[in-house]
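Q: Build me a structure from this.
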Amino acid sequence: MLMIDMRNSTARVTMREITAAGRRYASNPIALASFMAGVRLAPEVLLEATWRNTAGAAGNFAFFRNLMLGLLPRIYDVRHLETLGGRFALRVMGIGRHGEFTTMVVNRRVVTLTGLPLDEVAGTAIIDASIRADVFLALWNDMLAELAETTLTRIAMARSVSQQTH
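A: Now for the predicted structure:
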């Protein structure tokens with residue numbers, strides 16, 4: 001397994017590795033894996049401006065905000081989120097108050113809000129899973145790298161077929 005470090009923006013870690021590591025990277029790796037299973041990546045995602053933003057303190061953690069508030073609602077499967085109860089509260093640890101997000105279904109659409117829902121009885125924040133910021137970044141690095149590899153393979157195959165027919 002790679003040593004994960006936010007200074008190394010090329011670090012990659014799979015959801016399988018996160019799950020196998022137990023609570024080392026995420027507070028509830030099974031719940032996180034269930035949530036991440038609803039992410040639907042298509043080749044168009046590779047063209048997103050979100051990926052050009054920095055993910056460190058110098059970027060004021062804009063990467064995480066852009067990802068969770070802008071991109072994720074567009075690419076997340078609403079039906080999958082409904083099977084999870086219609087809401088998932090995620091804390092990205094290491095980026096302070098900027099790292100709390102609640103993704104939910106509203107009028108059959110996925111939306112993400114900053115902050116966490118509160119338990120009305122106890123008055124405490126509800127967190128379905130928390131994950132270290134560097135691990136979350138490495139997970140997205142891996143998912144995007146896999147998407148890029150798959151997309152390039154499909155393009156090469158399509159070109160090969162096209163050349164054979166001409």
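Q: what residue is smack in the middle of this structure?
A: The centroid of the chain falls nearest to residue 140 when counting by C-alpha atoms, centre = their mean (5.6 Å).
Q: Quick check: longest helix in the protein by residues?
A: helix 133-165 (DSSP state H).
Q: and residue 19, what is it in contact with?
A: Neighbouring residues of residue 19 by C-beta atoms under 8 Å, 6 or more residues apart in numbering: 29, 30, 33. Bear in mind the C-beta positions are built from the backbone N, C-alpha and C, glycine included.
Q: So which of those are in helices?
A: 29, 30, 33.
Q: Output the below-cut-off pLDDT ranges for this protein.
A: Within the chain, the segments meeting pLDDT under 70 span 1-10, 50-60, 166.
Q: can you map out the helices along it?
A: Using DSSP H, helices in the chain cover 15-20, 29-36, 62-65, 72-75, 78-83, 133-165.
Q: In CSV, list the C-alpha atoms belonging to the third one.
A: Think helix 62-65. Extracted in CSV, the C-alpha atoms of helix 62-65 (Å, rounded to 0.1, in the frame of the first residue of the first chain):
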residue,chain,number,x,y,z
ALA,A,62,-11.1,24.3,-2.7
PHE,A,63,-10.7,20.9,-4.2
PHE,A,64,-12.9,19.3,-1.5
ARG,A,65,-15.6,22.0,-1.7
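Q: picking up where we left off before, and the helices of the chain: which comes nearest residue 122?
A: Proximity to residue 122 (C-beta to C-beta) singles out helix 29-36 among the helices of the chain, at 19.2 Å.
Q: Pull the residues that contact that closest one.
A: Here helix 29-36 has contacts from 15, 18-19, 21-23, 26, 84, 88, 90, 103, 128-129, 131, 139, using C-beta under 8 Å, 6+ apart.
Q: Can you select the buried ones from those residues in PyMOL?
A: Buried subset of these, written as a PyMOL selection, criterion 16 or more other C-beta atoms under 10 Å:
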select buried, resi 15+18+26+84+88+90+103+128+129+131+139
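Q: Please flag which of the contacts of helix 29-36 sit within strands.
A: Judged by DSSP state E, strands contain the following of the contacts of helix 29-36: 88, 90, 103, 129, 131.
Q: so who does residue 140 touch?
A: Contacts of residue 140 (C-beta under 8 Å, 6+ apart): residue 67.
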